[in-house]
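Chemist: Pasting the sequence and the predicted model now:
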2 protein chains.
Amino acid sequence: MTGQRERAILIPSSLTMESRDRRESTLKVGQIARAAAVFQYNRIVIYRDPERNDSRFMAMVLRYMETPQYLRRMLIPRREELRHVGTLPPLRTAHHPINSRSESLKIGEFRVGAVVESVGSDSGVWVEIGIDRPIPLRTEEKIPVGQRLNVRIFSQEPLVAEPVDQKDIPIYWGYETEVVESLEGYLASKNDAQIVLTSRNGKAVTPKVLQELGQSGRKRDLAVVFGSPARGVDALLSAKAIGRYEMINTIPHQGTETVRVEEAVFATLALLNLGALGGLNGNNTPT
Amino acid sequence: MTGQRERAILIPSSLTMESRDRRESTLKVGQIARAAAVFQYNRIVIYRDPERNDSRFMAMVLRYMETPQYLRRMLIPRREELRHVGTLPPLRTAHHPINSRSESLKIGEFRVGAVVESVGSDSGVWVEIGIDRPIPLRTEEKIPVGQRLNVRIFSQEPLVAEPVDQKDIPIYWGYETEVVESLEGYLASKNDAQIVLTSRNGKAVTPKVLQELGQSGRKRDLAVVFGSPARGVDALLSAKAIGRYEMINTIPHQGTETVRVEEAVFATLALLNLGALGGLNGNNTPT
């Protein structure tokens, strides 16, 4: 395996500006997380919209959702902002396994883990991986308690794990959440990526448009940018920046005056999944 | 104008079976209504899933959402089931106008109306159309009070409306909600329609698959069928019925174990919008 493509969704810090309450905001952010997972996007970037900055809350909810349930209590501090996370749908990705029995773990299986205090007299590193007890990690490194890391089951008896790089995990393994100050600056730093702006004022999507995007984007990183509830992406970027990127309208002939960001995200990612832009490894092989 | 194509979404009566509470169910149904409106589907059919029948609640919420705000108090009885409709997003379709000033109405403009008691000594028919007062309707017919109907502004001074057939309204004008006992029976009755089943076990969607669907479906009625949260469409129909229709997987390579019905609806309608199946009149002309 070589490294995987980065596939990013960019959403504004004002995503939640029209929500009536925190519960509604929580669900809205949750739909973005679901879309990322369903369509295998491994990065969610919250960019600063001057109109409203709810990025702290949004990032908190996104990170909560992406953390396997068995690590949440350890890794996510309790916060007032997370009061409504109980209403969120689970991601149900491969890195959020339901199975929690040590006997059914197979050699080579991947897990998200977190380092815990040494167990008993053993001075090595132990990880919590969501089974009945922490297991030892085969490593020379010193890893601080509370550190999240990916592991692979190395042996079954005794049960031992070893660290593994995310790029060596050939299946969808969740997303990272990032907050950036400037959308334009972020895009400028992504020289080699295929950048797709979505806007009602963009080119209406057709099979041909998708195919062209797919051809130029295949095997490159991908960043798909969504505007705010109040303003399209084209109102959030300079004319110069807009001219530099593809801008497409993924919901031509819309029957409603507005399309909500989370609606646009599902529609857009479904369409891009059709072109050759789909797939973590640029070739849409089933995972 | 000739009649418009019927474009139907079919969803199971068990849509809400995994919801934690009525509020969550309400929002889930609301997302289906939003999808219908965004992609200009003019019919939502709830078919009976033996596993759970929440069709009464679902139909109530769908009809509530589709009714223009200014007619809801008159046309929708108050019910316990509608307790959470305040959390629903508005449809913001052309038939839910925000403008409520009589002076700004133009001749030829369409409105949804409802017949009210005669005003003053006039014995004719009067309709509420969401402006400051009811206006007279130019008709020879007797129309019962409380009847919903579509009207066109016939004259400005005095302000008078005339009834209009929905098929003569050339823009997206909401959806009808229907409950049917048997999915298989309903589909069998739609001889001439293009029927599309969506299932994880279907043919993975590609531009070619969409194009073929579009060619055979252009100008015919369209019915897009979604399975339940627990079982795919293919588990809800006989093998014989399945063989008769196209079955496609609109989310190939999904990164999650399951895709929620409302997520599948947005993804699927976005894809079908791309093929020649889009558009109320079969040709994707902007409205």
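Modeler: That came in fine, so what should we check first?
Chemist: count of residues packed around the closest residue to A:I169 other than its chain neighbours?
Modeler: Here the nearest residue to A:I169 in space, its sequence neighbours aside, is A:F110; by C-beta to C-beta, 6 or more residues apart in numbering or on different chains that works out to 5.2 Å. Every residue, glycine included, has its C-beta placed from N, CA and C. Per other C-beta atoms under 10 Å in any protein chain shown, the neighbour tally for A:F110 reads 21.
Chemist: Rounded mean pLDDT for stretch A:134-141, please.
Modeler: Mean pLDDT, stretch A:134-141: 93.
Chemist: in it, what's buried?
Modeler: A:134-137, A:139 (16 or more other C-beta atoms under 10 Å in any protein chain shown).
Chemist: Tell me the one of the residues you listed nearest chain B?
Modeler: Each of the buried residues of stretch A:134-141 was checked against chain B using C-beta to the nearest C-beta; the closest is A:I135, at 24.5 Å.
Chemist: what sits against that closest one?
Modeler: A:102, A:126-127, A:129, A:159-161 (C-beta atoms under 8 Å, 6 or more residues apart in numbering or on different chains).
Chemist: May I see the PyMOL selection of the buried members of those?
Modeler: Only the buried entries of the contacts of A:I135 go into this PyMOL selection, using 16+ other C-beta under 10 Å:
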select buried, chain A and resi 126+127+129+159+160+161
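Chemist: Among the contacts of A:I135, which ones are in helices?
Modeler: With helices taken from DSSP state H, there is no overlap with these.
Chemist: returning to that earlier point: would you mind giving the buried residues of stretch A:134-141 as TSV with secondary structure added?
Modeler: Formatted as TSV, the buried residues of stretch A:134-141 follow (DSSP: H, G, I helix; E, B strand; the rest coil):
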residue	secondary structure
A:P134	coil
A:I135	strand
A:P136	strand
A:L137	strand
A:T139	coil
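Chemist: Torsion angles phi and psi at the most centrally placed residue in chain A?
Modeler: The central residue of chain A, meaning the one whose C-alpha is nearest the mean C-alpha position (C-alpha atoms, centre = their mean), is A:Y175 at 2.7 Å. In this entry, A:Y175 is assigned phi and psi values of phi -130, psi 160 (degrees, to the nearest 10).
Chemist: show me what contacts A:T198?
Modeler: With contacts defined as C-beta under 8 Å, 6+ apart, A:T198 is in contact with A:224-227, A:233, A:247-250, A:264, A:268.
Chemist: Need those in JSON lines (columns: pLDDT, distance to chain B and secondary structure).
Modeler: JSON lines is the format used below for the contacts of A:T198 (pLDDT from 0 to 100; distance: C-beta to the nearest C-beta, whole Å; DSSP: H, G, I helix; E, B strand; the rest coil):
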{"residue": "A:V224", "pLDDT": "97", "distance to chain B": "13", "secondary structure": "strand"}
{"residue": "A:V225", "pLDDT": "98", "distance to chain B": "17", "secondary structure": "strand"}
{"residue": "A:F226", "pLDDT": "98", "distance to chain B": "14", "secondary structure": "coil"}
{"residue": "A:G227", "pLDDT": "97", "distance to chain B": "16", "secondary structure": "coil"}
{"residue": "A:V233", "pLDDT": "96", "distance to chain B": "18", "secondary structure": "helix"}
{"residue": "A:M247", "pLDDT": "96", "distance to chain B": "17", "secondary structure": "strand"}
{"residue": "A:I248", "pLDDT": "96", "distance to chain B": "11", "secondary structure": "strand"}
{"residue": "A:N249", "pLDDT": "97", "distance to chain B": "11", "secondary structure": "strand"}
{"residue": "A:T250", "pLDDT": "96", "distance to chain B": "7", "secondary structure": "coil"}
{"residue": "A:A264", "pLDDT": "98", "distance to chain B": "9", "secondary structure": "helix"}
{"residue": "A:T268", "pLDDT": "97", "distance to chain B": "7", "secondary structure": "helix"}
